[in-house]
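Colleague: make a model of this:
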Amino acid sequence: MIIADLAKIPGRTFPARRMGRGLAGQGGQVIPAKGFSMGYSVLEPHGGQVPWHNQTQEEIYYIVQGEGEICVGTERSPIKAGQAVFMPPTQFHQLTNTGSEPMHMIYVYCPGGDVAHWRQELEGTLPPAGTGDIPPLPAGAQPQHLAK
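Modeller: Residues are numbered from 1 along each chain as shown. Next comes the predicted model:
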């Protein structure tokens, strides 16, 4: 039996003001699942983000604690603890903590595998919304917090 203990997983801090810890999936996660990936992220108050990106996998975010704004494609909506949102494959999406407390969320994507936006964000190469082939954020959405 393999048990992933969130308290013992160091995780990493991202430039867009969040900390993420992988629980299950490929690439050295505690639970070496092959068919899906799962993790836990904490977005800092007042603007911590998972910036505008897409990926080939379908994905779900479940908000454990806090409140924020979710953008998926051309739609923008408030989101809060107890709610989940589905992102279809290749659909651009962004999550922003708009509250004064940390936002805790669980993500699951399937199939498991590499997600380029993590690496791009850490390297400062994640393309901004509305440039090149990247669609703009939905009208009124919180601005991106990208590394310079």
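
Colleague: list the contacts of stretch 118-130.
Modeller: Stretch 118-130 is contacted from outside by 12, 14-16, 20, 51-53, 92, 94, 117, 134-137, 144, 146-148, using Cβ atoms under 8 Å, 6 or more residues apart in numbering. C-beta coordinates here come from the backbone N, C-alpha and C atoms, glycine included.

Colleague: and these, which are buried?
Modeller: Buried members of these, counted by 16 or more other Cβ atoms under 10 Å: 14-16, 20, 51-53, 92, 94, 117, 137, 144, 146.

Colleague: now, these that are in helices?
Modeller: H117 (DSSP state H).

Colleague: I'd like to know which of the buried ones among the contacts of stretch 118-130 is nearest to Y61.
Modeller: Q94 (10.6 Å; Cβ to Cβ).

Colleague: if I pick the residue at minimal distance from the centre of the chain, what's in contact with it?
Modeller: With distances taken as Cα atoms, centre = their mean, V50 lies nearest the centre of the chain, 4.1 Å away. Going by Cβ under 8 Å, 6+ apart, V50 touches 16, 18, 41, 43, 61, 93-95.

Colleague: now the lowest-mean-pLDDT helix or strand in the chain: buried residues?
Modeller: Ranked by mean pLDDT, DSSP states H and E, the weakest helix or strand in the chain is helix 116-123, scoring a mean of 88. For helix 116-123, the neighbour count (16+ other Cβ under 10 Å) marks 117-118, 120-121 as buried.
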